[in-house]
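Structure for the following, please:
(one chain, ligands or ions: 2)
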Amino acid sequence: MKALTAEEMYEYEKSIMTDKSVPSIVLMECAARATAKQMKQTLSQNDRITIVAGGGNNGGDGLAVGRILHNEGFQVEILVLGNPDHYSEQNQLQQKIAKSYGAVIKTSLEKIDFTKTTVIVDALFGIGLSRAVKGVPLQAIEKINATKQARVYAIDVPSGISCIEGEILGNCVMADETITFGFYKHGMEKEKLKSSFGHITVDDIGFYY
Ligand SMILES: NC(=O)C1=CN([C@@H]2O[C@H](COP(=O)(O)OP(=O)(O)OC[C@H]3O[C@@H](n4cnc5c(N)ncnc54)[C@H](O)[C@@H]3O)[C@@H](O)[C@H]2O)[C@H](O)CC1
Ligand SMILES: [K+]
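Numbering: from 1, shown residues only. Ligands and ions are numbered 1, 2, ... in the order given. This next block holds a predicted model:
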């Protein structure tokens with residue numbers, strides 16, 4: 001299977017958005033719907049879902065997944081970590097949309113009671129991870145991995161795995177399932193990372209390649 005590096009994926013995404021004029025926010029909605037659809041194969045209304053989002057577009061995907069599931073009656077709480085001054089445009093828009101549908105957004109790890117969580121969506125970092133995780137994001141990754149009763153879905157890439165080097169940078173989320181977009185990502189071809197990715201689903205999210 002062909003596994004793209006982060007740079008190759010950004011290149012591809014750029015070609016879709018410029019040559020095909022598909023807006024980034026449309027790709028994000030397709031990614032979120034693909035993720036929600038995959039999750040609903042195992043979700044129940046009794047599940048307590050915690051979205052752990054970063055401030056970039058991986059976090060934007062996570063916010064959109066949370067809003068979609070919230071609107072379908074699931075119990076969802078959303079946590080956005082990161083410096084608000086650095087939130088991406090799409091991340092900010094997804095926060096606005098989620099709030100407009102009545103979803104509550106928390107911004108500190110301490111505000112989440114993980115003992116009640118049965119499903120975690122890892123939307124901290126995707127292909128944008130460019131250095132070893134530390135500080136609050138590292139605490140979040142450790143918290144996710146310590147929540148043994150939860151089923152963990154990683155959006156695009158388990159946070160902490162770099163698709164530039166195909167390596168874990170510091171620590172990474174151990175996902176039960178990874179839903180990735182368009183193509184396999186560099187790292188997914190490595191035997192030693194298999195347990196971090198869990199079951200991998202590739203969704204074309206409307207690339208129509
Ligand atoms: N590929 C596609 O067609 C689509 C991708 N989408 C999603 O977008 C992410 C990539 O989003 P991006 O904003 O470029 O980066 P991330 O969200 O992965 O990272 C956020 C941000 O974090 C900073 N950063 C990097 N390393 C660290 C670190 N160790 N500590 C703290 N901060 C760090 C860096 O500035 C990044 O920009 C992709 O994975 C998909 O989920 C679209 O939404 C759908 C289509
Ligand atoms: K992720």
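
Near ligand 2, which residues of the protein are found?
The chain comes close to ligand 2 at residues 122, 154, 155, 159, as judged by Cβ under 5 Å from the ion. (C-beta placed from N, C-alpha, C; glycine too.)

The one helix or strand residue 67 maps to close to ligand 1?
Element membership of residue 67, judged by DSSP states H and E, is helix 57-71. Yes. For helix 57-71 and ligand 1, the contact criterion (Cβ under 6 Å from any ligand atom) is met by 57, 58, 59, 60, 61.

OK, contacts around the third one?
The one in question is residue 59. 53, 80, 82, 87, 88, 91, 94, 123, 124 (Cβ atoms under 8 Å, 6 or more residues apart in numbering).

wait, what's in contact with the fifth one?
By Cβ under 8 Å, 6+ apart, the contact set of residue 88 is 55, 56, 57, 59, 60.

of those, closest to ligand 2?
residue 59 (8.7 Å; Cβ to the ion).

What distance do you get for that closest one to residue 15?
24 Å (Cβ to Cβ, to the nearest Å).

Which residues of this structure lie near ligand 1?
So far as Cβ under 6 Å from any ligand atom goes, the chain lies against ligand 1 at 9, 13, 27-28, 31, 54, 56-61, 88, 125-133, 137, 155-156, 181-182.

let's see it at 5 Å
The chain comes close to ligand 1 at residues 9, 13, 27-28, 31, 56-58, 61, 88, 125-131, 133, 156, as judged by Cβ under 5 Å from any ligand atom.

can I assume residue 30 sits in a strand?
No. Counting by DSSP: H, G, I helix; E, B strand; the rest coil, residue 30 falls outside a strand, being helix.

low-confidence ranges in this structure?
208-209 (pLDDT under 70).

before we move on, back to that, quick one: which two of the residues of the chain next to ligand 2 are the most distant?
155 and 159 (8.9 Å; Cβ to Cβ).
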